[in-house]
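# Coordinates for the following, if possible.
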Amino acid sequence: MSAADGPREERARRTVDRDILRLAIPSLGALIAEPMFLLVDSSFIARVSTTSLAGLGLASTVLTTIVGLAIFLAYSTTAAVARAFGAGRHREAISRGIDACWLALLVGVLSTLGLLLAGEPLLDAFGPSPEVLAEGLVYLQISAWGLPAMLAVQAATGLVRGLQDAKLPLIVAVGGALANIPLNAVLIFGLDLGIAGSAIGTIVCQWGMALVLLGVIVRRALDEQIPLGLNVSNLVAVGRDAVPMFVRTLGLRVVVITATVVATRLGDVQLAAHQLATTVFAMLSLALDSLAIAGQALTGRYLGASDPRTVHAVTRRLMLWGVLGGAVVSVILLAGSYVLPELFTPDPAVQESLRAALWVLVITQPIAGYVFVLDGVLMGAGDAPYLAKVGSVIALAIMPGAALVAWWMPAGPLGLAMLWLACNFLFMVLRAVSLGLRVRTDAWMRLGG
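Okay, here's the model as predicted:
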């Protein structure tokens, strides 16, 4: 190595760090704001009744499954737009994002109709008590009307981030989350609407966010004279390209649904605690996922620009930051585990079970940080077929542990702790191994636009 190589590499490392932070910091704020909707709902509804909170847990599992399965609208869009942007084809980048927004609205409308028709049997399949089923059905049928907006926000956010702009999604997400707090308070307690008020407040905020993002995209498209109309052939192409990402996400949601089914069998108290722990996990996951979003956008951009060296540099830095970020989150969560349960619910039994689940999350976070960043890098590279294959295998691999907990049915906090060890800790370990082996090769890299 020559004398000039050291300073040159140091400058390159600083450039990579700046690029990561420029995307990750605003994304962190936006991603933390997103689960605040469910966190606020859970916190308010916990003060209505434990039955209502358990019903919210069931309904939110169905809703987040649909939204989670459609996450390809954000992730695939970010990767495709970033690759075209990196190759210098800016009009194509925006056009691909517009096609994704149309697909999001269509999928959202179909999902709404599906939940209105089949919402009750879906919830009943979890085996809840009649009281919990009734509360969950109210929340589900009202919230279903917000699905087109939720999915449109995902696609529009993917487009904006693919263009290397993480600030606009931050502004929109924080604005929606802040508006949701007083609106829910008024509807739930002021107007005494209970769980129905929670659902109404959330969909109002989601539609407001969608209209803001879509309005910005429409204005930019008009400025650059990019067609806004629905193109069926483009829509089909976007959907076909997203199939592997859908399969990958389906594997993740199977694990989430399995955990909820087992928690339901453990009892209403454990189900309520599981709902709160899932909400905390969602917030922590999305916080760590800010680095993954930076990985998606930068990997797509530099692969589009045929720059594998920078892609490797980005990957190395993200792996380090992911583990360190997870360790920091673990320390914060450990301290929070002694405070959060009392803040979320007045029920001592729910508090004890929630604390047990949070302790499992404490030991999982460094592994999760590593998993999330590599997941983002491979998604940005368009390596969704590999993610789909290993995701399906790993989802099957954790089923014996979940089945054991369902058969054993340990009471109280032990039951929920065992469930989270089976469906969260082990799941993350297996994903870390599969992703780590993949990035040790160059098989996932495809250069050019």
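# Residue 68 reaches residue 251, doesn't it?
No. Assessed by Cβ atoms under 8 Å, residue 68 is found out of contact with residue 251, at 10.9 Å. Just so you know, the C-beta spots here come from the backbone N, C-alpha and C atoms, and that holds for glycine as well.
# Quick check on the two: which one has the bigger neighbour count.
Between residue 68 and residue 251, counted using other Cβ atoms under 10 Å, the more crowded position is residue 251 (20 against 16).
# State the helix or strand in which the more buried one lies.
Counting by DSSP states H and E, the element that carries residue 251 is helix 243-266.
# Check which element follows that helix along the chain.
helix 268-304.
# can you pull the buried residues of the helix or strand harbouring residue 107?
Using DSSP H and E, residue 107 sits within helix 90-124. By neighbour count on 16 or more other Cβ atoms under 10 Å, the buried set for helix 90-124 is 92-105, 107-108, 111-112, 115, 119-120, 122-123.
# elements contacting it?
Counting contacts by 3 or more Cβ pairs under 8 Å, 6 or more residues apart in numbering; DSSP states H and E, helix 90-124 is packed against helix 50-69, helix 72-86, helix 130-143, helix 147-162, helix 195-223, helix 232-241.
# Between helix 130-143 and it, find me the angle.
If you take axes from the mean of the first three to the mean of the last three Cα atoms, to 10 degrees, helix 90-124 sits at 160 degrees to helix 130-143.
# so how far is helix 90-124 off the chain centroid?
16 Å (Cα atoms, centre = their mean, to the nearest Å).
# got it, and stretch 161-174?
15 Å.
# can you tell me the helix or strand for residue 346?
Going by DSSP H and E, residue 346 is not in any helix or strand.
# quick one: the helices in the stretch 301-449 of the chain?
308-336, 340-344, 348-380, 384-397, 399-408, 412-420, 426-439 (DSSP state H, counting those that start in this stretch).
# Out of those, which gets nearest to residue 212?
helix 348-380 (25.1 Å; Cβ to Cβ).
# Could you pull up the mean pLDDT of that closest one?
Here helix 348-380 scores 90 as its mean pLDDT.
# again with stretch 23-43
For stretch 23-43, the per-residue pLDDT averages 74.
# before we move on, what about stretch 314-325?
On average, the pLDDT along stretch 314-325 is 90.
# Contacts for that stretch, please.
Residues outside stretch 314-325 that contact it (Cβ atoms under 8 Å, 6 or more residues apart in numbering): 13, 16-17, 19-20, 288, 291-292, 294-295, 298-299, 302, 366, 369-374, 376-377, 439.
# What part of the chain, helix or strand, is modelled with the least confidence?
The least trusted helix or strand in the chain, going by mean pLDDT, DSSP states H and E, turns out to be helix 232-241, with a mean of 70.
# quick one: low-confidence ranges for the chain?
1-12, 34-35, 233-235, 237, 448-449 (pLDDT under 70).
# longest helix in it, by residue count?
helix 5-46 (DSSP state H).
# How far off centre is it?
14 Å.
# From the contact counts, what lies against it?
Using 3+ Cβ pairs under 8 Å, 6+ apart, helix 5-46 sits against helix 50-69, helix 147-162, helix 167-185, helix 195-223, helix 268-304, helix 308-336, helix 340-344.
# Turn those into JSON lines, including distance to residue 135.
Listed next are the helices and strands packed on helix 5-46 as JSON lines, based on distance: least, Cβ to Cβ, whole Å:
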{"stretch": "helix 50-69", "distance to residue 135": "3"}
{"stretch": "helix 147-162", "distance to residue 135": "20"}
{"stretch": "helix 167-185", "distance to residue 135": "16"}
{"stretch": "helix 195-223", "distance to residue 135": "5"}
{"stretch": "helix 268-304", "distance to residue 135": "11"}
{"stretch": "helix 308-336", "distance to residue 135": "27"}
{"stretch": "helix 340-344", "distance to residue 135": "17"}
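# mind checking which of those helices is nearest residue 414?
Per Cβ to Cβ, nearest to residue 414 of those: helix 268-304, 10.1 Å.
# Report the distance from that closest one to the chain centre.
Remark: helix 268-304 is offset 5 Å from the chain centroid, using Cα atoms, centre = their mean.
# And stretch 288-305, by the same measure?
With Cα atoms, centre = their mean, you get 16 Å for stretch 288-305.
# just stretch 175-184 next, same as before
20 Å.
# Can you dump the C-alpha atoms of that stretch in PDB for me?
Extracted C-alpha coordinates of stretch 175-184, given in PDB (Å, rounded to 0.1, in the frame of the first residue of the first chain):
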ATOM      1  CA  GLY A 175     -46.600  14.800  11.700                       C
ATOM      2  CA  GLY A 176     -49.000  11.900  11.500                       C
ATOM      3  CA  ALA A 177     -47.800  10.300  14.800                       C
ATOM      4  CA  LEU A 178     -48.100  13.600  16.700                       C
ATOM      5  CA  ALA A 179     -51.600  14.300  15.300                       C
ATOM      6  CA  ASN A 180     -52.700  10.800  16.300                       C
ATOM      7  CA  ILE A 181     -52.200  11.400  20.000                       C
ATOM      8  CA  PRO A 182     -54.700  14.200  20.700                       C
ATOM      9  CA  LEU A 183     -57.100  12.800  18.100                       C
ATOM     10  CA  ASN A 184     -57.200   9.400  19.800                       C
END
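# in that stretch, what counts as buried?
Buried residues in stretch 175-184, counting neighbours by 16+ other Cβ under 10 Å, are found at 176, 177, 180, 181, 183, 184.
# Tell me if I'm right that residue 116 and residue 144 touch.
Yes. Checked against Cβ under 8 Å, the pair residue 116 and residue 144 is within contact range at 5.8 Å.
# Kindly reformat the helices of the stretch 301-449 of the chain as a markdown table containing distance to residue 270.
Shown next, in a markdown table, are the helices of the stretch 301-449 of the chain (distance: least, Cβ to Cβ, whole Å):
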| stretch | distance to residue 270 |
| --- | --- |
| helix 308-336 | 20 |
| helix 340-344 | 13 |
| helix 348-380 | 5 |
| helix 384-397 | 22 |
| helix 399-408 | 11 |
| helix 412-420 | 5 |
| helix 426-439 | 19 |
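# Output those in JSON lines, with distance to residue 62 and mean neighbour count appended to each entry.
Shown next, in JSON lines, are the helices of the stretch 301-449 of the chain (distance: least, Cβ to Cβ, whole Å; neighbours: other Cβ atoms under 10 Å):
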{"stretch": "helix 308-336", "distance to residue 62": "27", "mean neighbour count": "18"}
{"stretch": "helix 340-344", "distance to residue 62": "21", "mean neighbour count": "18"}
{"stretch": "helix 348-380", "distance to residue 62": "21", "mean neighbour count": "24"}
{"stretch": "helix 384-397", "distance to residue 62": "18", "mean neighbour count": "18"}
{"stretch": "helix 399-408", "distance to residue 62": "19", "mean neighbour count": "15"}
{"stretch": "helix 412-420", "distance to residue 62": "19", "mean neighbour count": "22"}
{"stretch": "helix 426-439", "distance to residue 62": "20", "mean neighbour count": "18"}
